[in-house]
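A.B. asks: Whatever this is, show me its structure:
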Amino acid sequence: MILKKNSNESKHIKGFTPTPESYGCKYIDGCVKNAKPIPESHEHKRMMWGFTLIEILIYTAVFAVVMGILSGFIVWVYRSNIKAQTMRETLNNARRAVEIMAYEIREARSIYTPTTTSTQLSLETLHYLPEGELSTYIDFFVCSNKLCLKKESNPPFAVTSDKMVVENLTFSSIATTSTIPSVQIALELKYKNPSGKSEFEASVTVTSTASMRAYY
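C.D. replies: Numbering: from 1, shown residues only. Modelled structure (predicted):
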């Protein structure tokens, strides 16, 4: 008796190459059409279709928060830089004005008392002499919210910047054991801030004392 081999066993014989006919398919296309689809995983679907709506919303919110923090930091750095420049400019103006007044006091011949008050200082000096004169007079006072210097027979000119406002200017005579007059200067400057922004708020008060070296 001759035993017939099962047709299915030939599919698993070592060295046997399966053909479409061995799987009951006459054509390869038929096998492909009859094959069951492989279920797609979640990761595969996300790679095929991109991000979901929730993921986009989360990423957008995170990006907005990061940009808000970064923008706030940039604005803070900018305002801090403006504030430092404003303070530096105000202080430089006050120091320069006080140094000019102290220099003129030291080089003055005497204090001209008829026109000297607590807010105006008049000095008799040998500087800026008009032709044919042996002495002349200069005055320090506030004009148009600025510290002004007036030389005899000349219009006053501003010593402080247009960006500054003189809040206070006082001159005081200092009593000493010496016969040489001494004057104390107190100057308060404020930075002009019509917009009211905090970075442009700056005020400086400078005090100095000078004695007349050329007094006689």
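
A.B. asks: show me what contacts Val142?
C.D. replies: Thr119, Cys148, Val166, Leu169 (CB atoms under 8 Å, 6 or more residues apart in numbering). (C-beta placed from N, C-alpha, C; glycine too.)

A.B. asks: Can you classify the nearest residue to the third one once chain neighbours are set aside as helix, strand or coil?
C.D. replies: Right, Val166. Among residues not flanking Val166 along the chain, Val142 sits closest, at 5.0 Å (CB to CB, 6 or more residues apart in numbering). For Val142, the assignment made with DSSP: H, G, I helix; E, B strand; the rest coil gives strand.

A.B. asks: quick one: Val142 from Leu129, how far?
C.D. replies: 26 Å (CB to CB, to the nearest Å).

A.B. asks: Identify, by residue count, the longest helix of this protein.
C.D. replies: In the chain, taking DSSP state H as the definition, the longest helix is helix 53-107.

A.B. asks: Any stretches of this structure with poor pLDDT?
C.D. replies: Regions of the chain meeting the criterion pLDDT under 70 cover residues 1-51, 177, 214-216.

A.B. asks: mind listing the strands for it?
C.D. replies: 108-111, 121-125, 136-143, 146-151, 157-158, 164-174, 182-191, 203-211 (DSSP state E).

A.B. asks: which one of those strands is the most hemmed in?
C.D. replies: strand 121-125 (a mean of 21; mean count of other CB atoms under 10 Å).

A.B. asks: buried ones in stretch 95-102?
C.D. replies: Neighbour-count burial for stretch 95-102, with 16 or more other CB atoms under 10 Å as criterion, is recorded at Ala97, Val98, Met101, Ala102.

A.B. asks: and the two most separated of the residues you listed?
C.D. replies: Maximum pairwise distance in the buried residues of stretch 95-102, criterion CB to CB, is 9.7 Å, between Ala97 and Ala102.

A.B. asks: related to what we said a few turns ago, give me the angle between the longest helix of the chain and strand 121-125.
C.D. replies: Helix 53-107 runs at 50 degrees relative to strand 121-125, counting by axes from the mean of the first three to the mean of the last three CA atoms, to 10 degrees.

A.B. asks: Use 46 as the first number from now on
C.D. replies: In the new numbering, first residue 46, that becomes helix 98-152.

A.B. asks: now for helix 98-152, which elements pack on it?
C.D. replies: Packing contacts for helix 98-152, counted by 3 or more CB pairs under 8 Å, 6 or more residues apart in numbering; DSSP states H and E, involve strand 166-170, strand 181-188, strand 191-196, strand 227-236, strand 248-256.

A.B. asks: What is the fourth one packed up against?
C.D. replies: This means strand 227-236. Secondary elements touching strand 227-236 (3+ CB pairs under 8 Å, 6+ apart): helix 98-152, strand 209-219, strand 248-256.

A.B. asks: Same list (these) but as JSON lines, adding distance to Glu178.
C.D. replies: Shown next, in JSON lines, are the helices and strands packed on strand 227-236 (distance: least, CB to CB, whole Å):
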{"stretch": "helix 98-152", "distance to Glu178": "16"}
{"stretch": "strand 209-219", "distance to Glu178": "25"}
{"stretch": "strand 248-256", "distance to Glu178": "24"}
